[in-house]
Every structure is written in C-alpha cells, then in structure tokens.
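K.L.:
quick one, fold the following:
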Amino acid sequence: MTSAASPQAFTRIDGSPVRAVVVDDERNLAELLTMALQNEGWQVESANNGQDGLNTVREFAPDVVILDMMMPGIDGLEVLRRLRTTGNDVPVLFLTAKDGVDDRIEAITAGGDDYVTKPFNLQEVVARVRGMARRYVGARNEDEPLVVGDLVLDERSYEVQRGGVPITLTAKEFDLLRYLMQNQRQVLTRAQILDNVWSYDFGGKSGVVEIYISYLRKKIDSLGPAMIHTVRSVGYTIKPATP
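P.N.:
Residues are numbered from 1 along each chain as shown. Next comes the predicted model:
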C-alpha cells in the first residue's frame, strides 16, 4: 500500500467537512484509512465490527462508508442490507480479500457502490472514495447544472450544450457524460464506469466503455478542443479544454 499527497479539498454544500466512516476488523488498516481520509480534510469515524459500524453510521451520518466485507459476527453485506432497509443510501465502498466475479456481483447487488480487493493501493482507494463522496454531496444540490469548462449538463431538463450549442445524447450517453462530469479531472477506470453507469458486471467486456466514449467524443470534442481524455492503461477523464 502506498500513500498519496492530498489534492485540493472539497466540502459539503454548507461548507462543512465531508464525513466518512471506516469499518474494518483489522485495526491497523482502519487507522491507516482513517488517517488518509483525514489528510483530505474530512471528519472520519471508525469501527472495528459490524454492530459498531451500524451504530456509527446512524449517529454520524457520513457522506461515504468504507466497509470490510468479511467480519466476524455481522459482516459487511449484512451491515449494508440493514442500512438500505432503513432507507440509508450512503455510498459504500467494499474492501475484501475475495476477488471472484461472484463476490463482486454479490457486493454490488447488495447495494454497494464500489469494490476493492486486498491488498490494495491506498491512493486508488482514496481516489475512489473521494469520487463517491463528491457524487453524493453534489446530489444534494441537483438544481445546479453540472459544468466543466464550456460544457453544461442540466439533469432536470435533460439538456446538454457546449459553448451554447445544444448536443443530443442517447440515455446511456447522457448517463456516461454525467458520471464523467460529476468526477471531472479524476481518472475513472473502466470497472468504475461499468459499475456506475451500467450497474452490472459485463463479464470483462469493457469494450462497451470505449464505444460510448467514442460516441461522446464525436458529439462533444467536435465542437472545440478535446475535453475527454484517455489515460493509458487506467481509464478516462474529462476536464476543461485547453485552448
């Protein structure tokens, strides 16, 4: 595991720090994750078993949860099921030593938002959690359109324009663009895009991501300098165009 320098911090809409809860029965790991997120300027609480994790989430009302999938007693899947049963839709990143497709599908089906296997790269986990929190915090202000440079996406009217020029997108193109814009300047992996835009496992057929990225490029980047970029061997990102 490697650490990473903290990027520019972001906050809740009211200006208060983003909140996170870490639940893992490996105390050293929980402390490491807690410190990494505190370096982001966040408020972080931790717990070392499922029941304490449930109580902490309910009392602390976090914007994102990092949850160990395999814990004695109440495991991570049961913690998530109980949260979802009570209507708590906080984003959850699962940590687990299991790396099978069935395990991943089980985590996502249970209502998890992302999945990382141990051992993991600390920088990647922080980046993923940051993206999840940004989407959740941003979702509390849906009246505001998403803006990246001269590209504007209005979720209410389902309209997209660049430099004032309307852009017609299919439903899936709109979903993909929204996800990219919600995480502008962040590099999103193909797996993250599949999980968040298509919401199920494509059995390794990540080529669908490349196809839809090419569709967006034809419609968006044709109106000015490129905004959608490929980061080789990693994924994709969107950012304001450089003249």
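
K.L.:
how about the helices in the protein?
P.N.:
27-38, 50-60, 76-85, 101-109, 122-138, 171-182, 190-193, 207-220 (DSSP state H).

K.L.:
columns mean pLDDT on top of those helices, output as JSON lines?
P.N.:
Shown next, in JSON lines, are the helices of the chain (pLDDT from 0 to 100):
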{"stretch": "helix 27-38", "mean pLDDT": "93"}
{"stretch": "helix 50-60", "mean pLDDT": "92"}
{"stretch": "helix 76-85", "mean pLDDT": "90"}
{"stretch": "helix 101-109", "mean pLDDT": "66"}
{"stretch": "helix 122-138", "mean pLDDT": "81"}
{"stretch": "helix 171-182", "mean pLDDT": "90"}
{"stretch": "helix 190-193", "mean pLDDT": "85"}
{"stretch": "helix 207-220", "mean pLDDT": "93"}
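
K.L.:
save the ones you listed as a markdown table, and put in mean neighbour count and distance to Pro91 too.
P.N.:
Every C-beta, even on glycine, is put in place using the N, C-alpha and C of the backbone. Formatted as a markdown table, the helices of the chain follow (neighbours: other Cβ atoms under 10 Å; distance: least, Cβ to Cβ, whole Å):
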| stretch | mean neighbour count | distance to Pro91 |
| --- | --- | --- |
| helix 27-38 | 17 | 14 |
| helix 50-60 | 18 | 12 |
| helix 76-85 | 19 | 11 |
| helix 101-109 | 16 | 12 |
| helix 122-138 | 20 | 4 |
| helix 171-182 | 19 | 12 |
| helix 190-193 | 20 | 12 |
| helix 207-220 | 16 | 21 |
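
K.L.:
tabulate these (CSV), appending distance to Thr242.
P.N.:
Shown next, in CSV, are the helices of the chain (distance: least, Cβ to Cβ, whole Å):
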stretch, distance to Thr242
helix 27-38, 31
helix 50-60, 41
helix 76-85, 41
helix 101-109, 36
helix 122-138, 22
helix 171-182, 17
helix 190-193, 23
helix 207-220, 15
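
K.L.:
can you tell me how far the most centrally placed residue in the chain is from Gln186?
P.N.:
In the chain, the C-alpha nearest the mean C-alpha coordinate belongs to Met132, at 3.0 Å (Cα atoms, centre = their mean). For Met132, the distance to Gln186 equals 11 Å [Cβ to Cβ, to the nearest Å].

K.L.:
which ones are touching Asn183?
P.N.:
Gly131, Arg134, Arg135, Thr237 (Cβ atoms under 8 Å, 6 or more residues apart in numbering).
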